[in-house]
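1. only geometry, no sequence info:
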């Protein structure tokens, strides 16, 4: 009777007790589950490498860009200019561009990374390599070639004679073409050996005159190889190209080196419309007087690095930029690897021309201006183009 009367109350108490028991049991057990919070995964951000070359503002160079773009289009259309231009003022790039074709068979366009054969502009790299060895006390400018090559047939020729073209040596082009008997083009070492047996007379005794000489600079590169115990290519790569971050620069020897990606060939125009690739010759395996390949931007890195002391001391650079003298005291317009003009425009410069490549690197000292022109289809008006570029920049900079 009593149970029936309080049945609902008893069930309520039992239900409540069960709930309390279950709650206590649940809270007393360890929680092994880990809450997973999903967050959006971001793609890895690629941080671009810093631009090591400073550039003038768009406001300062707007008119220059318009005029030089127009000039490039005009000379490409009218004069078959296929090349690159870079202009810098006060250690900052003012203008950089390229126009035309890289490979006429594949019909590919030139690009920033296209590498040009520098021809004789290569000589300044050879001179710098010699000055690096001098700074390391591994050579003296008064050393004779016979110090390193005892069988060299032309006595009393000093390293300084080679650098400023007062050695009087015969032209190795002629010797290779008339005395070399092998099918494969001679290397520097083979040409040094050939000189010893060729019986070709020199032009004059060392120091008497100035005579621009490709032979002298191939001999200098050979001395670099002899002293360093490595190839001229490897020496430049380790001691110049890498320190100055010239990533698109190298030395190329015909038949001995593999053609690189973006390496240009030289062309000539045939019958006014067809571009024919110029074949390499018996002289194209020799390095030191030519055969440095680079881009306009890398060549500017070289100029900037050289002039700001990143490579050589001020004393070494002063020697490279100073006019030489004959043994009679007559001044000559050439330093070490550079031509020097102090009469007309106060400039340090060099031009090159070889197998379809036409090149120019000019520093106008009074205007703090550098102009680089590289071309590979036998364009023959580099000096004139250089002057046009200079006037456009001077007349329109900052306007």
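-> In hand now; what should we look at? No experiment lies behind these values; they were computed from the predicted model shown.

2. quick one: contacts for residue 379?
-> Taking Cβ atoms under 8 Å, 6 or more residues apart in numbering as the criterion, residue 379 is in contact with 75, 79, 80, 81, 82, 83, 358, 385. Backbone N, C-alpha and C define where each C-beta goes, glycine included.

3. With residue 68 instead?
-> Contacts of residue 68 (Cβ under 8 Å, 6+ apart): 85, 87, 95, 97, 389, 392.

4. before we move on, the earlier item: now the buried members of the contacts of residue 379.
-> 75, 80, 81, 82, 83, 358, 385 (16 or more other Cβ atoms under 10 Å).

5. Check those against residue 204 and report the nearest one.
-> residue 358 (30.0 Å; Cβ to Cβ).

6. The closest one: helix or strand, and which one exactly?
-> Here residue 358, judged by DSSP states H and E, is contained in strand 357-364.

7. And for residue 387?
-> helix 382-396.

8. Tell me the buried residues in stretch 164-176?
-> Those would be 164, 165, 166, 167, 168, 169, 170, 172, 175, 176, for stretch 164-176 by 16+ other Cβ under 10 Å.

9. OK, contacts around the fifth one?
-> Contacts of residue 168 were listed using Cβ under 8 Å, 6+ apart, and they are 154, 157, 161, 202, 203, 204, 205, 206, 208, 209, 211.

10. What's the mean pLDDT across the host helix or strand of residue 173?
-> Per DSSP H and E, residue 173 falls inside helix 172-179. Mean per-residue pLDDT for helix 172-179: 97.

11. and if you look at stretch 110-125?
-> Stretch 110-125 comes out at a mean pLDDT of 98.

12. can you check stretch 133-144 too?
-> 98.

13. hang on, residue 309 in a strand?
-> No: looking at residue 309 with DSSP: H, G, I helix; E, B strand; the rest coil, it is coil, so not inside a strand.

14. just use 45 as the starting number from now, easier for me
-> New numbering, starting at 45: the last item is residue 353.

15. From residue 288, how far off is it?
-> Applying Cβ to Cβ, to the nearest Å, the value for residue 353 to residue 288 is 12 Å.

16. Of those two, which one has the most company?
-> residue 288 (19 against 11; other Cβ atoms under 10 Å).

17. from memory residue 438 sits against residue 410, does it?
-> No: in this structure residue 438 lies outside contact range of residue 410 using Cβ atoms under 8 Å: 10.3 Å.

18. Between those two, tell me which one has more neighbours.
-> residue 438 (13 against 8).

19. burial of the closest residue to that one other than its chain neighbours, as a residue count?
-> Using Cβ to Cβ, 6 or more residues apart in numbering and skipping the chain neighbours, the partner closest in space to residue 438 is residue 411 (6.3 Å). As a burial measure, residue 411 scores 17 neighbours (other Cβ under 10 Å).

20. could you list every residue that touches residue 411?
-> Counting by Cβ under 8 Å, 6+ apart, residue 411 has contacts 133, 434, 438.

21. and what of residue 124?
-> 313, 421, 422, 423.

22. Keep only those of those residues that are in strands.
-> residue 313 (DSSP state E).

23. Any of the contacts of residue 124 buried? List them.
-> Buried among these by 16+ other Cβ under 10 Å: 421, 422, 423.

24. Next, the contact list for the first one, please.
-> So the one you mean is residue 421. 124, 125, 126, 127, 144, 145, 310, 311, 312, 313, 319, 400.

25. at 6 Å instead, please
-> Listed by Cβ atoms under 6 Å, 6 or more residues apart in numbering, the contact set of residue 421 reads 124, 126, 311.

26. Where does pLDDT dip in the stretch 195-344 of the chain?
-> In the prediction, the stretch 195-344 of the chain carries no residues with pLDDT under 70.

27. show me where it has helices.
-> 203-207, 216-223, 232-242, 258-272, 276-280, 340-351 (DSSP state H, counting those that start in this stretch).

28. which residues of the stretch 45-194 of the chain fall in helices?
-> Counting by DSSP H, counting those that start in this stretch, the helices of the stretch 45-194 of the chain are 46-49, 51-72, 102-123, 167-179.

29. Show me which residues of the third one are buried.
-> Within helix 102-123, the residues that qualify as buried are 104, 105, 107, 108, 111, 112, 115, 116, 119, 120, counting by 16+ other Cβ under 10 Å.

30. Mind picking the one among these that's closest to residue 156?
-> residue 116 (14.1 Å).

31. ok, what's across the strand from residue 401?
-> residue 398 (DSSP bridges).

32. who's in contact with it?
-> Residue 401 neighbours (Cβ under 6 Å, 6+ apart): 160, 161, 163, 310, 420.

33. tell me the two of these that are most distant?
-> 163 and 420 (10.4 Å).

34. which of those two has more neighbours?
-> residue 420 (28 against 24).

35. So for stretch 163-174, what gets flagged as buried?
-> So for stretch 163-174, counting by 16+ other Cβ under 10 Å, buried means 163, 164, 165, 166, 167, 168, 169, 170, 171, 172, 173, 174.

36. Show me which of the residues you listed is closest to residue 194.
-> Among the buried residues of stretch 163-174, and counting by Cβ to Cβ, the member closest to residue 194 is residue 174, at 19.6 Å.

37. Contact partners for the closest one?
-> Counted by Cβ under 6 Å, 6+ apart, residue 174 has contacts residue 264.

38. Swap in 7 Å and give it another go.
-> Contact analysis of residue 174 by Cβ atoms under 7 Å, 6 or more residues apart in numbering lists 203, 207, 264, 268.

39. swap in residue 300?
-> 231, 329.

40. And it, how close does it get to residue 229?
-> 8 Å.

41. any residues in contact with both of those two?
-> residue 329.

42. burial of the nearest residue to residue 301 once chain neighbours are set aside, as a residue count?
-> Leaving aside its chain neighbours, residue 301 sits nearest to residue 277 (7.3 Å; criterion: Cβ to Cβ, 6+ apart). By other Cβ under 10 Å, the residues close to residue 277 number 20.

43. So residue 277 sits against residue 295, correct?
-> Yes: assessed by Cβ atoms under 7 Å, residue 277 is found in contact with residue 295 at 3.8 Å.
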